[in-house]
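A.B. asks: just coords:
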């Protein structure tokens, strides 16, 4: 999983809005027989672009937060390869989804847990949980220097 998320504290230091761009490699499980619960899995790549918001509970050195986001998820799966075919067929679908998350920021370090839900059709959905540890670049508190 790789993510890039520029954010801006618009209303106060406790509320941030941003755009999350993420790529993830996942396994999709599908039940081939619902009675025997035989499970097959295939690899899939997921690329998402979400509008996000985070709420921070305080302005201390350690800041717990909760957040959410919504946007587009593009899922690519390998559909198979025919005889004589050099590369396999890739099926690509784009769906709307949402994300819920929580975690902490400590200085410029961030750790969190994200739940992503993508509805592909009325009978199918794609869900995954991401555990993230990262570094915040830039930002921080803005201090004005005044000449008296």
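C.D. replies: In hand now; what should we look at? The model shown is predicted, which means the values in this text are computed figures rather than measured ones. Numbering: from 1, shown residues only.

A.B. asks: these two touch, right, residue 13 and residue 56?
C.D. replies: Yes: shown here, residue 13 and residue 56 form a contact pair, counting by Cβ atoms under 8 Å, at 7.1 Å. Where you see a C-beta, it was placed from the backbone N, CA and C, and this is true even at glycine.

A.B. asks: What's the first helix or strand after the lowest-mean-pLDDT helix or strand in the chain?
C.D. replies: One helix or strand of the chain scores below all others by mean pLDDT, DSSP states H and E: strand 15-33, with a mean of 79. Tracing the chain C-terminally past strand 15-33 and defining elements by DSSP states H and E, one meets strand 38-56 next.

A.B. asks: and residue 13 and residue 56? which has more neighbours close in?
C.D. replies: Neighbours were counted for residue 13 and for residue 56 using other Cβ atoms under 10 Å; residue 56 has more, 19 against 12.

A.B. asks: where does the more buried one land on pLDDT?
C.D. replies: We note a pLDDT of 94 for residue 56 in this prediction.

A.B. asks: Check residue 143 too.
C.D. replies: pLDDT, read off for residue 143, is 45.

A.B. asks: packing partners for the strand or helix carrying residue 127?
C.D. replies: Per DSSP H and E: residue 127 is located in strand 125-135. For strand 125-135, the packing partners by 3 or more Cβ pairs under 8 Å, 6 or more residues apart in numbering; DSSP states H and E come out as strand 15-33, strand 89-106, strand 109-119.

A.B. asks: Quick one: residues contacting residue 64.
C.D. replies: When contacts are counted by Cβ atoms under 8 Å, 6 or more residues apart in numbering, residue 64 is found next to 56-58, 102-104.

A.B. asks: Now the phi/psi pair for it, please.
C.D. replies: phi -70, psi 150 (degrees, to the nearest 10).

A.B. asks: in this protein, which ranges drop under the pLDDT threshold?
C.D. replies: Along the chain, the parts satisfying pLDDT under 70 run over 28-42, 79-82, 121-124, 140-148.

A.B. asks: Need the residue closest to the centroid of it.
C.D. replies: For the chain, residue 22 is the residue whose C-alpha lies nearest the centre (Cα atoms, centre = their mean; 5.8 Å).
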